[in-house]
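J.: let's see this in three dimensions:
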Amino acid sequence: MRRRLLIALTVFAAIAVFAFAVPLSLTVATSRTQQLVLARSGDADRFANLASAASSTGDTRALADEVLRYHELFGDNVLVVDAKGATTANGGATIADPGIGAAVAAARRNQRPHAENQLTPWGAPTMLIARPVGTGIQVNGAVVIQASTARARADIARTWALIVLGCVIAMALFTLLALTLSRWVLRPLAALSHAVADLTATLPAPRAETVQARPPSIARRHGGPPEMRAVAESFDAMALAVADSVDAQRQLVADTAHAMRNPLAALTIRLDSLEPAIPDVAANTFRGASAEVERLTALLDGLLSLAVAETPAAFDAVRTAESDQHCDAVQVVADRFDAWCSAYASAGQELLVAPSPVHADVAVSADALAQILDVPLSNSSRYAGVGAKTVVGVETAPGWVTVAINDNGAGVRPEEVDRLITRFYRGSDAASGGSGLGLPIAAALAQARGGTLTVEPVQPQGLAVRIRLPAWGEQW
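T.: Presented below is the predicted three-dimensional model:
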């Protein structure tokens, strides 16, 4: 890929340099050509005026002397002829030269001179400049200067050499920049490619059903350079293996929970049958063992619920099953208030409903929202403490509905707030009981429906659980 990138950058640089150098070179050649033409045209006009004055006085010696001195000084050939074509003054010009003859004939006919060709380092060694003698009404002769282009061509060649040298330097700088840029751009890509390949090599091969359900790879869908396609293929393989590994882990948790529920159920039945035969001295131990069995059963149920809730397939199933379902969050909160009032009263706490909108349609089924709300309500009644007050409210925002459960109970330490939705985590000051899976399950249920569940501290004490879900009619 570096070679292709270097070729592309070099071609682009060459086009840019060529597009700058060629017009500059042509401009230099045109300017030097015009400079030579203008200089020699002025000289030809001066000789034409001298020839016109000599034809009127009949004395051509001054004109001949001037032509000879000009030829000796500049090295250019000068020819002056009269109205009949006879030579008036000659400074090194060859009359038999067809070019000079054609220029004299054209000037005697008072024709406009043709535009001179642009000079180049390998151009013609001379240039003809012709002017008629006299006015436009009466032509009394012609002046032809055969100017040498050696100096002008040398100047053009020198300037073009400088331009070429500048182009070479510019291309060298561009090439160095391209090498640096390509190395800077492609080094992370090469490292990523090696890292992905090494990681993919350590992952187990995905299951056949996962491979069959695999969508078309990025490389096959979009193409691209071979190196990028190789990285895309490696990334697809890694993502497939990781997803398969995560699914296998979740399936293991679910299978383990299922497999352990039957022995626990049998153990519960046996403990229940043994209860009448337990002596009083062992009654407390027996009740503790029964409580631990019930706690383990609840823990396995939580693990199973969490494994199901966090499975990506469950997310898709929820989107499909509940795509057309919605409920009034205000009504669900009122129903849960009625269901939990007695539990809060028994715990010596107070449950209140904050002023809320009349309606708040949320894109979640009533059963799912009730299941999510039961978790923070249960935690509040269990851990907030006697005398605590819990307030449930509904808030609306464009596209979202938020249900907040705030309590002024004991709360948790500030450094533990963010860990409350972590699996199996319980506050260090929490009372015994509970598995630490309630809030993670509720968070997974909210996430599966396009929402979020967050826990925040309340000042001066207490906790706030905010459940944010899409409003009805929003895509999630």
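
J.: show me where the protein has helices.
T.: Here the chain has its helices, by DSSP state H, at 2-57, 61-74, 98-108, 150-202, 208-212, 218-222, 226-274, 283-309, 312-321, 329-346, 366-383, 438-448.

J.: ok, Leu271 touching Val293?
T.: Yes - with contact defined as CB atoms under 8 Å, Leu271 reaches Val293; the gap is 6.5 Å. C-beta: built from backbone N, CA, C; applies to glycine.

J.: pLDDT below threshold where in the stretch 151-300 of the chain?
T.: Scanning the stretch 151-300 of the chain for pLDDT under 70 picks out the ranges 203-227, 253-254, 257-258, 261, 295, 298-300.

J.: ok, now with 50
T.: Within the stretch 151-300 of the chain, the stretches with pLDDT under 50 are 219.

J.: for Val392, give its distance to Ala384.
T.: Plainly put, Val392 is 13 Å away from Ala384 if you go by CB to CB, to the nearest Å.

J.: can you list residues touching both of the two?
T.: Overlap of the contact sets of Val392 and Ala384 (by CB atoms under 8 Å, 6 or more residues apart in numbering) is empty.

J.: tell me the contacts of the closest residue to Asn90 other than its chain neighbours?
T.: Excluding the flanking residues, the one nearest Asn90 by CB to CB, 6 or more residues apart in numbering is Leu79, at 5.4 Å. Residues in contact with Leu79, defined by CB under 8 Å, 6+ apart, are Thr87, Ala89, Asn90, Gly91, Ala93, Ile95, Ile100, Val104, Val143, Val144, Gln146.

J.: only whichever of those residues are buried, select them in ChimeraX.
T.: Restricted to buried positions by 16 or more other CB atoms under 10 Å, the ChimeraX selection for these reads:
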select :89,90,91,93,100,104,143,144,146
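
J.: any chance of the contacts of Leu79 in a markdown table, with pLDDT and distance to Val455 too?
T.: Shown next, in a markdown table, are those (pLDDT from 0 to 100; distance: CB to CB, whole Å):
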| residue | pLDDT | distance to Val455 |
| --- | --- | --- |
| Thr87 | 87 | 113 |
| Ala89 | 89 | 110 |
| Asn90 | 90 | 110 |
| Gly91 | 89 | 106 |
| Ala93 | 87 | 105 |
| Ile95 | 82 | 110 |
| Ile100 | 88 | 104 |
| Val104 | 87 | 106 |
| Val143 | 91 | 103 |
| Val144 | 91 | 102 |
| Gln146 | 90 | 100 |
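
J.: in strands only, show me the contacts of Leu79.
T.: Thr87, Ala89, Asn90, Gly91, Val143, Val144, Gln146 (DSSP state E).

J.: okay if I get the residues you listed as a markdown table plus distance to Ile169?
T.: Below are these laid out as a markdown table (distance: CB to CB, whole Å):
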| residue | distance to Ile169 |
| --- | --- |
| Thr87 | 53 |
| Ala89 | 51 |
| Asn90 | 50 |
| Gly91 | 45 |
| Val143 | 46 |
| Val144 | 44 |
| Gln146 | 40 |
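
J.: mind listing what Pro121 touches?
T.: Pro121 sits next to Arg153, Ala154, Ile156, Ala157, Trp160 when contact means CB under 8 Å, 6+ apart.

J.: what's the closest non-adjacent residue to the residue positioned nearest the centre of the chain?
T.: Nearest residue to the geometric centre of the chain (CA atoms, centre = their mean): Val185, 13.1 Å. Leaving aside its sequence neighbours, Val185 sits nearest to Leu5 (CB to CB, 6+ apart; 7.4 Å).

J.: now do the contacts for that neighbour.
T.: Ala178, Ser182, Val185, Leu186.
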